[in-house]
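# Got a predicted structure here, sequence first:
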Amino acid sequence: MSVPFLDLKLQYQQIKDELQPLLQDLYESQQFVLGIPVSEFESTFAQYCGSAEAIGVASGTDALSISLEALDIGAGDEVITSAFTFIASAGAVVSCGAKPVFVDIDPVTFNLDPNQVEDKITKKTKAIIPVHLFGLAADMKSLLEISETSGIPLIEDACQAVGAEYQQQKVGTFGRTGCFSFFPTKNLGGFGDGGMVTTEDEKLAEKIRMIRVHGSKERYKSEVIGRNVRLDALQAIILDVKLKYLDEWNNKRRSIAQFYNEQLKSLPMTLPLESPGYHSVYNQYTVRVENRDQLVDHLVEKEIGYSIYYPIPLHLQPCYDYLGYKKGDFPESEKAADSVLSLPIYPELKTEQLKEVAQTLGAFYVKVG
Ligand SMILES: Cc1ncc(COP(=O)(O)O)c(C=O)c1O
């Protein structure tokens, strides 16, 4: 039995009938940009997260860069982030003219190691971007302490972690802003690109709202330098429908993770760990293995989907050569890049498929001894 790594068509089938009339109304209205659907979705999303404000933007990358811009971070400034994440966590920093400064990860959680953050703080550091990678919150207690002592704001990259909690508080509500992505493969995914910024700060929210529409509050009067990073009404309508099911879907991901934890525990691989106080939403179920290439060949042969997030840590990405990092600078990120492998985890997976994944992995280790 083949098991695809992800099959978005299955989720679409579940909500298709509910969506059709809403989309039909949108087509009839011909009001595609911002408008009531976006402001309604912003309110529901803010309520869901427990944040005061939510501002819909065009992508998770834009959520990050608009947060930095709204805090006046730009040329000459440094922003600390993880060396092991999706490229956009740092790309957003570069796009607003600042310099990304990388920090190694905690090997157990794959998230920013707070113990190494303080060493990287300089007079130029203007923000810290913790990433809640794979759906698991970063160590927010330690990071908040660092932020409070240093006065440097946290901008949470919650792009992979909508609905995740740390000490029963939703991610995206700890920092000056929380940044979310609605890329289709995320736990809450649209029919294209989309993103959201959450914040408790009303003034900052107002500025972000201006920046996303050319710096304007009033039409054709730009108070600040802005861009065009608006959320489409189409995405807002789809995401509003999907948000109702998010907890149910996230819980299914959590039970799949439990199933894998149980089935794979005796195999020579390191499984994800969710410590007390953390509530992961498993955007990915990522294991570490030693003989990854061989295992990948086996999975391909048996038609079991897998993915490698991420094969190259950010400090070794060719585009960041100019930052002057070299191999060996962030050993944990490098080890992670060489050993991680993500298994299929989406709410629509059937028990037989999960068993197939577990049996295929078990058979591999019998074969290689
Ligand atoms: C950790 C992380 N940060 C940022 C992003 C950027 O989000 P988007 O693809 O919506 O721009 C993503 C999504 O791909 C992500 O996984």
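Arrived safely, thanks for sending.

# thought residue 81 was touching residue 154?
No: the criterion here is Cβ atoms under 8 Å, and residue 81 misses it with residue 154 at 10.8 Å. The way it works is simple: take the backbone N, C-alpha and C, and place the C-beta from them, glycine included.

# so what's in contact with the two at the same time?
128-130 (Cβ atoms under 8 Å, 6 or more residues apart in numbering).

# now these as TSV including pLDDT, neighbour count and secondary structure?
Shown next, in TSV, are these (pLDDT from 0 to 100; neighbours: other Cβ atoms under 10 Å; DSSP: H, G, I helix; E, B strand; the rest coil):
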residue	pLDDT	neighbour count	secondary structure
128	98	27	strand
129	98	26	strand
130	98	32	coil
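
# Dump the residues you listed to JSON lines, plus distance to residue 332.
JSON lines is the format used below for those (distance: Cβ to Cβ, whole Å):
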{"residue": "128", "distance to residue 332": "18"}
{"residue": "129", "distance to residue 332": "18"}
{"residue": "130", "distance to residue 332": "15"}
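
# near the ligand too, which of those?
Applying Cβ under 6 Å from any ligand atom, the subset of the shared contacts of residue 81 and residue 154 adjacent to the ligand is empty.

# between these, which is closest to the ligand?
The shortest approach to the ligand among these belongs to residue 129, at 8.9 Å (Cβ to the nearest ligand atom).

# Look at residue 111 and say how many residues are nearby.
Using other Cβ atoms under 10 Å, residue 111 is surrounded by 22 other residues.

# Counting neighbours, what do you get for the closest residue to it other than its chain neighbours?
Nearest non-adjacent residue to residue 111, counting by Cβ to Cβ, 6 or more residues apart in numbering: residue 138, 4.1 Å away. Neighbourhood size, residue 138 [other Cβ under 10 Å]: 32.

# which residues sit in contact with residue 138?
109, 111-112, 130-132, 156, 166.

# Apply 7 Å and report the result again.
111-112, 130-132 (Cβ atoms under 7 Å, 6 or more residues apart in numbering).

# Count the neighbours of the residue of the stretch 1-150 of the chain found nearest the ligand for me.
Here the stretch 1-150 of the chain gets closest to the ligand at one residue, residue 60, 2.5 Å apart by Cβ to the nearest ligand atom. Residues lying near residue 60 (other Cβ under 10 Å) number 27.

# can I assume it is in contact with residue 195?
Yes: with contact defined as Cβ atoms under 7 Å, residue 60 counts as touching residue 195 (4.4 Å).

# Overlap in contacts, those two.
179-181.

# which strands and helices sit next to the biggest helix by length in the chain?
What stands out as the longest helix in the chain, according to DSSP state H, is helix 8-29. On a contact count with 3 or more Cβ pairs under 7 Å, 6 or more residues apart in numbering; DSSP states H and E, helix 8-29 meets helix 233-243.

# in the helix or strand just after the helix it packs on, what's buried?
Where DSSP states H and E defines the elements, the next helix or strand beyond helix 233-243 is helix 246-264. For helix 246-264, a neighbour-count test (16 or more other Cβ atoms under 10 Å) marks 246, 249-250, 252-254, 256-257, 259-260, 263-264 as buried.
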